Each structure stands twice: as C-alpha cells, then as structure tokens.
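Student: Build me a model from this:
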Amino acid sequence: PTLLLYQEYSDVAINREIQRQQGPEPGGEEEGLGEATPPENLSPTSSFRSSRGSAFSLWQDIPDVRSSGMLDSFSNEERKLQEAKFELVTSEASYMRSLAIAVDHFMLSRELGECLGAQERQWLFSKLPDVKDVGERFLQDLEQRLEEDILRFDVCDIVLAHCPALRRVYLPYVTNQAYQEQTYQRLLQENPRFSSILARLEEHPICQRLPLTSFLILPFQRITRLKMLVENILKRTTPGSRDEDTATKAFNELKKIIKECNSSVQSMKRTEELIHLNKKIHFEGKIFPLISQSRWLVKHGELCEVDTQTMSISGSKLKLPTRPVYLHLFNDCLLLSKKKDTWKFVVFVHAKIGELKVKDISQKLQGISGYIFHLQLCEGQLLKHQILLKARTESEKQRWITAMVPSDPEMSGDQIIENGDLSQVQCMKSYQAVEHDELTLEKADVLQVKNITSDGWVEGIRLSDGERGWFPKTYVEEITSRSARMRNLREKNRIKCATQKLEEEFL
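Tutor: Numbers count the residues shown, from 1 in each chain. Next up, the predicted model:
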C-alpha cells in the first residue's frame, strides 16, 4: 500500500474518532472492535514491518501478534488499549515522514534558500530541524519498545520522558507562528521568485499535492493530536493501575505544554494589540494608562445607541433615532467612545467590568423592533451613565451580553458534568475564531451547548478543556444518541478524576 502523509492519515483517524463519539454504544457498555478499525490501506508508516516488509495499520494485523496465539486471551478492552497505543506509534511515524519533507524538500532546497534573506528563512521555518530531531529520537524509542514486547508494550512512560524535549522545541516553534504566517503572505505578494520556486516544489510527487503551509502547521497540529492519543489510551486503562498513573502524568504534561504554547501565542498577540489600540484611543481630558500586562481585549465593535430623548410615534410604530457608539470591552473595563475618523476613538465614559449592569429588554418593549439591551455603568454604588444599545442581530446582542457578564471560569468546566444530559455537538469541520469571544474548533471536538441564537450561532463549552466561546452552527452537528452523550461525559469525568487523584498525591 502507498504510505500516507500525516495530513491524510490524521484526516482518516479524526473521522473515525467522530464516528465513535457520535455513535451509540452497541450492546450497552461494550463497543465492538469493528468501529475502531481503520480502512485497510491506512498504513502511514514503515515503522512496523514484518520481515516481508509490509506495514500494518492495526496492531492485531501484525503477523507476530497473529502468530503468537495470544490474541484470544486478550479481552476486548485490552485489545482496544493496545490498538490505541499502536496508533500513537504509527501516527508518529507518519508525522515524521511529513516533517522530513518539510525540512529536506522545502527548507533545505537550495533554490528556495537563495531567494530568502536569513531573517525571512528564520521566520518561515523557525526551529523545524530541532522539532524533527526531537521527533526522530521519540519515534526511535517508541519503535524499540514495540520490538521488545509486541504484545504488552506501553508508550506513555516514553511520552512522559520526552515531554521536556518536546516542550523545548514546540514552544518556540508555535510562538513563532504569527511571524511565520505574516512572512509567508508577504513573500507571496512581494517576491515573485519565491512563489514560482514554491509552486514548482509543491508540484513534486513527494508532496502528494499538499502545499507548504500544510507542512508548516504540522507541529502545532501534532502536539494537540498527541494529547488526544494519550487521552484515548488513558480512557482505556484499568482504573487504579500503574498504566493509568503513567498515562495521566503524560496527559497532564502534554496539556501543560499546549497551554503554555497557547498562552505564549496569546500574550504576544495581546501586547501587540494593546500597543496598536493605545495609538487610536483618546480619553476626554483624562489620563488612562491603557497598556498593562494584565489587560487584554475581550470584544470590540460598533452598536447603535437609541436616543430616548427624541423617540416619536408615527402611526402605531415607534420611531427609534439612533447614533453609532463604539465599545471596547477589556477583561477589566469597558470603554464607550465616539469614532472621530476611521482610526481614532474618543472615550466619553468608562467603567470597571464588575460595575456594569446589563439587561436584555428586546422582548419587553412593545412596538419596538430590534435587538435592544440596557447598559448601566456605575462607580461604586452610583450610576455614572446609562444607555440603550441596539444590535443588528440576535447573536450580536447575546454575545455582547455574555461578554459583559462573564461566567466564573472555575465554574464553567464543572458545569459540564453537574448538569447531566445536556445537548452536545461535535465539530465536523475545523473553525478558526475570527473575533475574541469565539472558539477555534478542531474536527472531532465535542462541546456542551449553553446557548443557541435564532440566527445560527452557538455558545458552547469544550469537554476536553472546559474552554468556552461562540461558533457558527454550520460547523457542528448535534450528537443525538443519548448513550453517546453520556459516554462522552463519563470519559471526561474519568480523566478529571484521574487528574485530580494525581494532583492530590503530588500535594
């Protein structure tokens, strides 16, 4: 069979995960093994070959496993555990194959190198060779373990041992991603030689019609996928066993690395954004230091202020004169301003976020159409300013209200389990957040639904990490099987309990 590159391999694997998370549990608690079986040609790796040189996509298909005569002594759960471990190894091999193309075919291309400056090359490829070196050593250890004991191998202790090295290379690589994207776009627009050499390199059969960008983003995708693979192993380990313990530790370390990567990317973007805004926002006669380490933008945009002074009735209809007002909502304060010209805002009132009072009054006003809410800005107990605001859509109104009355982040993760069988959706195609209050979704993410607006936006909490945010309804599908929903909650709970147990032991 042809060896798949990681990009295609992970597509197949994720689609399989989607089917598993949406499907009811055949025969109650037990799922059959069939649904975990990848298609026959899913052979991403030369990583595990029999002496005859063919590669295998399933652990149970390896001749040494088949011929051992031991397969029947494994319970269904034990088989699924070994398959989950084997998938981590085969997918790592597939990933390394794609990374090798990124480095050898693109980065080390003499032609491409000649049309790039040293700084551009650094921004475009960053620490890619280091990522590849660390990955190769990791894969070597995994394959060696497989060779030693094909029937009862474990991988989580190896993952755990490699976490410091993974962190060392992934953190700078992922943090550089913003520069990588900007450099790539700029080179395409300004350097015709770059685009023609790149096009030629991308046409090479080795790339299997995939563009350079799909190779550059791999480390970012792999580290999150690795966490998911370890999570799948953890779900299948025996509660209270040493395996569970090691899997939990590996899972937690990967979670920390991902969190660090995300917050490093975020704090870079947040600081740049504040510096940019500081040039544009002016305060009427006040000095307000906008730039602060602990401040970031949560949401911004233009709404209409309803002028209650000049409201009039024509026939039976109420006429609502409005004027534009611009809102900048930070994590600690809200600024209301008037736009002076295309790039300048003059703030006429501001308040701390804890001193805002918001009331949705769309339903309550007879004869008034539109999505209206009432906002009060206070100082201590005193009312400083009040305003009627009108949004263009139901979702715009809901999102502003939700953003101004933030829920306790400590709570939201726990709300998931407490409320039992609530509506769940699953992401069917990945979504990139556009605004600050949106959630970036990866295919196969499962979310519990908090809110759905009439114009097709959903507010949800992701089960795997408790992150909360908005996304378009068209990117997700409802999980209609109750037993699938309950299993998704049980699995989340299982991981939460294992993690808590580990933390308590640590303390």
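Student: okay, CA-based contacts and neighbour counts for the rest of this
Tutor: Fine.
Student: Quick one: end-to-end length of stretch 334-349, please.
Tutor: Length of stretch 334-349, first residue to last, Cα to Cα, to the nearest Å: 9 Å.
Student: what ranges of the stretch 1-150 of the chain fall below the confidence cut-off?
Tutor: For the stretch 1-150 of the chain, applying pLDDT under 70 flags the ranges 1-3, 25-56.
Student: Please repeat the previous calculation with a cut-off of 80.
Tutor: Within the stretch 1-150 of the chain, the segments meeting pLDDT under 80 span 1-4, 23-57.
Student: all helices of it, in order?
Tutor: When secondary structure is read from DSSP state H, counting those that start in this stretch, the stretch 1-150 of the chain shows helices at 6-22, 63-67, 76-100, 110-114, 118-125, 128-148.
Student: Tell me which of those lies nearest to residue 440.
Tutor: Of all the helices of the stretch 1-150 of the chain, it is helix 6-22 that lies closest to residue 440, at 16.5 Å by Cα to Cα.
Student: And the biggest helix by length in the chain, what's buried?
Tutor: Of all segments of type helix in the chain, defined using DSSP state H, the longest is helix 242-280. Buried residues in helix 242-280, counted by 16 or more other Cα atoms under 10 Å: 243-255, 257-258, 260-261, 264-265, 267, 270-271, 274, 277.
Student: what's the answer for stretch 459-472, then?
Tutor: Buried-residue list, stretch 459-472, by 16+ other Cα under 10 Å: 459, 460, 461, 462, 463, 464, 466, 468, 469, 470, 471, 472.
Student: now, which of the residues you listed lie within strands?
Tutor: Judged by DSSP state E, strands contain the following of these: 459, 460, 461, 462, 468, 469, 470, 471, 472.
Student: now residue 327: how far from residue 87?
Tutor: Counting by Cα to Cα, the gap from residue 327 to residue 87 is 48 Å.
Student: got any ranges where the stretch 401-507 of the chain has weak pLDDT?
Tutor: Applying pLDDT under 80 to the predicted model, the residue ranges of the stretch 401-507 of the chain that meet it are 406-421, 503-507.
Student: Show me the strands in it, by range?
Tutor: 424-427, 446-452, 457-462, 468-472, 476-478 (DSSP state E, counting those that start in this stretch).
Student: And the ones you listed: which comes nearest residue 11?
Tutor: For those, distance to residue 11 was read as Cα to Cα. The smallest value, 13.3 Å, belongs to strand 424-427.
Student: List the neighbouring strands of the closest one plus their orientation.
Tutor: Strand pairing for strand 424-427, determined by DSSP bridges: strand 446-452 (antiparallel), strand 476-478 (antiparallel).
Student: tell me how far that strand is from the chain's mean position?
Tutor: Its chain's C-alpha centre and that of strand 424-427 lie 14 Å apart, by Cα atoms, centre = their mean, to the nearest Å.
Student: Show me what that strand is in contact with.
Tutor: Outside strand 424-427, the residues within contact range by Cα atoms under 8 Å, 6 or more residues apart in numbering are 18, 22, 441-449, 475-479, 485.
Student: which of these count as buried?
Tutor: Among these, those scoring as buried are 18, 22, 441-449, 475-476, 478-479, 485 (criterion: 16+ other Cα under 10 Å).
Student: Closest one of the residues you listed to residue 131?
Tutor: residue 442 (22.2 Å).
Student: give me every residue that touches that closest one.
Tutor: 427, 429, 430, 431.
Student: Return the member of those residues nearest to residue 304.
Tutor: Distances from these to residue 304 were compared by Cα to Cα; the smallest belongs to residue 431, at 28.9 Å.
Student: Which strand residues bridge that closest one?
Tutor: On the basis of DSSP bridges, residue 431 is bridged to residue 441.
Student: Phi, psi for residue 332 please.
Tutor: phi -120, psi -10 (degrees, to the nearest 10).
Student: wait, what's in contact with the nearest residue to it once chain neighbours are set aside?
Tutor: Of all residues beyond its chain neighbours, the one nearest residue 332 is residue 353 (5.2 Å), with distances taken as Cα to Cα, 6 or more residues apart in numbering. By Cα under 8 Å, 6+ apart, residue 353 lies in contact with 330, 331, 332, 333, 334, 404.
Student: do residue 131 as well
Tutor: Taking Cα under 8 Å, 6+ apart, one finds 166, 169, 170, 219 in contact with residue 131.
Student: Which one (most neighbours) among the residues you listed?
Tutor: residue 170 (24 neighbours; other Cα atoms under 10 Å).
Student: Any figure for the gap between it and residue 127?
Tutor: Relative to residue 127, residue 170 is positioned 8 Å away (criterion: Cα to Cα).
Student: Now do the strands in the stretch 201-350 of the chain.
Tutor: Counting by DSSP E, counting those that start in this stretch, the segments of the stretch 201-350 of the chain that form strands are 281-283, 297-306, 312-314, 317-319, 322-330, 333-341, 344-352.
Student: how about the longest one: buried residues?
Tutor: Neighbour counts over strand 297-306 (16+ other Cα under 10 Å) mark 297, 298, 299, 300, 302, 303, 304, 305, 306 as buried.
Student: returning to what we had before: and the gap between the residue nearest to residue 332 and residue 435?
Tutor: As judged by Cα to Cα, residue 353 and residue 435 stand 19 Å apart.
Student: Check residue 357 too.
Tutor: Computed with Cα to Cα, the distance linking residue 357 and residue 435 is 23 Å.
Student: domain parsing for the protein?
Tutor: If the domains of the chain are taken from automatic domain parsing, they occupy 74-231+244-275, 296-404, 409-506, with pieces of a single domain joined by a plus sign.
Student: can you redo these as TSV with distance to residue 284?
Tutor: Listed next are the domains of the chain as TSV, based on distance: least, Cα to Cα, whole Å:
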stretch	distance to residue 284
domain 74-231+244-275	19
domain 296-404	6
domain 409-506	27
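Student: Would you tell me which of the ones you listed gets closest to residue 11?
Tutor: The closest of the domains of the chain to residue 11 is domain 409-506. By Cα to Cα, the value is 8.9 Å.
Student: before we move on, back to that, which of residue 357 and residue 435 has more neighbours?
Tutor: A side-by-side neighbour count of residue 357 and residue 435, using other Cα under 10 Å, places residue 357 first with 16 against 13.
Student: nearest residue to the more buried one other than its sequence neighbours?
Tutor: Nearest in space to residue 357, with sequence neighbours left out and distances taken as Cα to Cα, 6+ apart, is residue 376 at 5.0 Å.
Student: What's the end-to-end length of stretch 108-116?
Tutor: One end of stretch 108-116 to the other measures 12 Å (Cα to Cα).
Student: Please apply the same query to stretch 430-445.
Tutor: 9 Å.
Student: And that stretch, how far out from the chain middle?
Tutor: Once both centres are worked out by Cα atoms, centre = their mean, stretch 430-445 turns out to sit 6 Å from its chain's centre.
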